[in-house]
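Undergrad: Fold the following for me, if possible:
(one chain, ligands or ions: 1)
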Amino acid sequence: MPSYVRAGSLPHKRHIQFRRPDGGLYAEELFSTKGFESVYSLLYHLRPPTATLDVREWNRPPVQLIANEPLRNRHFKTAQIETSGDAIESRRPVLGNSDLLISIANADRPMEYWYRNTGGDELLFIHHGAGVIETNFGELAYRANDYIIIPTGTTYRLIPSAPTRMLVHESTGMVKIPRKYRNEYGQLEEHAPYYERDFRVPVLKSPVDAPGEYEVRVSNAGRYATYIVQNHPCDVVGWDGYCYPYAFNLEEFAPITGKLHQPPPAHATFEAPGAAFCAFVPRLFDYHPLAIPVPYNHSSVDCDEVLYYVSGNFMSRRGVEEGSITLHSAGAPHGPQPGAVEASLGKTSTDEIAVMVDTFAPLQLAQAALAVEDAQYYRSWIEQQPSYSP
Ligand SMILES: [Fe+2]
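TA: You can find the predicted model right below:
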């Protein structure tokens, strides 16, 4: 919800009569969050969005997670997770906790139904691919390196024009722009690494006037259902407000760099309950003459760190590849592998792209991740000791 947006035809005031050309009333829908007390939008449908013909079961496989025990740093080569199907059915959970579920998906065909997650916002990161997400707010074209924020309750379907590999974050709350980037009125401040103009919002198309039978699969905190509704989800003639899907491409991210190493919060993109998101994009390194470009060793004692490697040369990590996920577990020291510090000295820039999420509740592991684990990763910081002859 970067700022107020309006699209299409709207009556001059909310909650008043607004008539179709045939004399009937458009159906106003309040799309609100946190009851009536946070951001919201008003949508105007050709016909009521409430017309439900049937409710059926959606037998979605349950998400099964196991504890990260013994607790240690881990590396999952998720490019090896073979999955296909549409954007929902191809999701393979890899990590999760009570705040967030992280999945890999590989959409190689369009969704033939609509989907609505009413259990929290979704944050999609597009690794490869392109296409369009059709929503009740309009169409959002996407491409590689897009972050796409989909507010809870949005009805959508993803139509790939090229096979789409993505990292999916299902939050139990709202995905927001960090407070530190916004002024008292919500506008992005000058020091923020992005600007309102960098966010893409849906393009509202002509409303679909075709009553019939439309399948909407609904997800809510582990509860599922399939709704058959009478009116097309994209029968909206206009909407306005602060709550809508939007996209942001990492090309638009203007990274904050410094004289010395900048920690991950300098690269923050979004935040959600129990989760902080960051992005590492091509950038100049630190400019102190004795600066060390790669990060220092550290232990994040109160969070689990998840780094997803997108593209480029991952200078501080040995053995990772595109699509790798490293999980640096709470309290487990990590940092550049042996030799990485010396190798980085004198480097002036990086072409790496990686996205990160820190979670503050312990992450659990899914079988799909364990099946592609580099089980020796936790030993990758061992120095080769020089041979010693007495
Ligand atoms: Fe770290």
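
Undergrad: For the ion, what's its nearest residue on the stretch 101-250 of the chain.
TA: Taking CB to the ion, the ion has its nearest neighbour within the stretch 101-250 of the chain at I102, 16.6 Å off. C-beta: built from backbone N, CA, C; applies to glycine.

Undergrad: Report whether Y378 is found in a strand, as I expect.
TA: No. Read with DSSP: H, G, I helix; E, B strand; the rest coil, Y378 is helix and lies in no strand.

Undergrad: which residues touch it?
TA: R72, N73, R74, A332 (CB atoms under 8 Å, 6 or more residues apart in numbering).

Undergrad: how close does it get to the ion?
TA: 14 Å (CB to the ion, to the nearest Å).

Undergrad: Read off the pLDDT value for that residue.
TA: Y378 is assigned 95 on the pLDDT scale.

Undergrad: Distance of it relative to L327?
TA: 10 Å (CB to CB, to the nearest Å).

Undergrad: One more: D108?
TA: 27 Å.

Undergrad: And those two? Which one has more around it.
TA: L327 (25 against 16; other CB atoms under 10 Å).

Undergrad: Report the beta-bridge partners for the more buried one.
TA: R74, V306 (DSSP bridges).

Undergrad: Was I right to think it contacts C303?
TA: No. Using CB atoms under 8 Å, L327 makes no contact with C303, being 11.2 Å away.

Undergrad: Could you work out the most separated pair of the contacts of Y378?
TA: Greatest spacing in the contacts of Y378, by CB to CB: R74 and A332 (9.4 Å).

Undergrad: picking that back up, which residues are in contact with each of Y378 and L327?
TA: By CB under 8 Å, 6+ apart, the residues touching both Y378 and L327 are N73, R74.

Undergrad: What strand or helix carries the most centrally placed residue in the chain?
TA: The residue lying closest to the centre of the chain (CA atoms, centre = their mean) is L123, at 2.3 Å. Using DSSP states H and E, L123 sits within strand 122-135.

Undergrad: who touches the very next helix or strand once past that strand?
TA: For strand 122-135, the following helix or strand on the C-terminal side (DSSP H and E) is strand 138-142. Strand 138-142 is contacted by residues 7, 124, 126, 129-133, 148, 164, 200-205, 236, 245-247 when judged by CB under 8 Å, 6+ apart.

Undergrad: Starting from the longest strand along the chain, tell me the next helix or strand along the chain.
TA: Ordering each strand of the chain by length in residues (DSSP state E) puts strand 155-171 first. Once strand 155-171 ends, the next helix or strand along the chain (criterion: DSSP H and E) is strand 214-220.
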